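Chemist: Give me a model of this one.
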Amino acid sequence: MTNSALFLDTSLIVAATVAVHPAHDAATAFIDEAIAQEHDLCISNQVCREFLAVLTRQPVSDRVFELDEALGALEVWTMGARVLEETEAVLGNLLVLIQEFGVRGKQVHDCNIIATMLAHGIPRLATRNARDFQRYSTLVQVDAV
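Modeler: Predicted coordinates:
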């Protein structure tokens, strides 16, 4: 058994939350296995915001979430995962990474996840969008789910 920390990207927790999502079974199986292996599951305030934005802006796989339902789903994730703070160290990492990797526009959001992981010593990221994080593969392990 391993006890290492694992950061869960928004794309993964959305898929695990929405039962009719095409990737639901793969996402829940991955998370169940991570729990069985005693990984320390982590998310960030950014992931919490993105999760609510995705669930409340439009149907997800034809599934419409009411606001209370989306907030309840987020509460489940915040109770089951450690929520990492966005500290000054995160901002410092973000600014360095933006320069180092030439990050622009919407890519800043993914870069901030890596900055958060680095500030908190989280070595591994689980995501459905591995290609978005490919440039950071020398810094963290990226698991495609």
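
Chemist: Only C-alpha atoms from now on, for both contacts and neighbour counts.
Modeler: Fine.

Chemist: in this protein, which spans are strands?
Modeler: For the chain, applying DSSP state E gives strands covering 5-8, 40-44, 82-84, 124-127, 141-144.

Chemist: Can you report how many residues neighbour the closest residue to L84 other than its chain neighbours?
Modeler: Counting by C-alpha to C-alpha, 6 or more residues apart in numbering, L84 lies nearest to S44, which is 4.7 Å off, once chain neighbours are set aside. For S44, the neighbour count with other C-alpha atoms under 10 Å is 23.

Chemist: D9 now?
Modeler: Considering only other C-alpha under 10 Å, D9 is surrounded by 24 other residues.

Chemist: mind starting the numbering at 37 from now?
Modeler: Okay, residue one is now 37; in that scheme the one you just asked about reads as D45.

Chemist: if I look at it, how far off is Q135?
Modeler: D45 is 23 Å from Q135, where distance means C-alpha to C-alpha, to the nearest Å.

Chemist: and the nearest residue to V50 once chain neighbours are set aside, how many neighbours?
Modeler: Nearest non-adjacent residue to V50, counting by C-alpha to C-alpha, 6+ apart: F87, 6.6 Å away. The local packing of F87 (other C-alpha under 10 Å) involves 22 other residues.

Chemist: give me every residue that touches F87.
Modeler: Applying C-alpha atoms under 8 Å, 6 or more residues apart in numbering to F87 gives the contacts T46, I49, V50, L110.

Chemist: which residues touch the third one?
Modeler: With contact taken as C-alpha under 8 Å, 6+ apart, V50 is in contact with F87, V90, L91.

Chemist: and what of the second one?
Modeler: By C-alpha under 8 Å, 6+ apart, the contact set of I49 is A63, F87.

Chemist: any idea how far I158 is from it?
Modeler: From I49 to I158 the distance is 17 Å (C-alpha to C-alpha).

Chemist: how much space between A52 and A70?
Modeler: According to C-alpha to C-alpha, A52 stands 13 Å off from A70.
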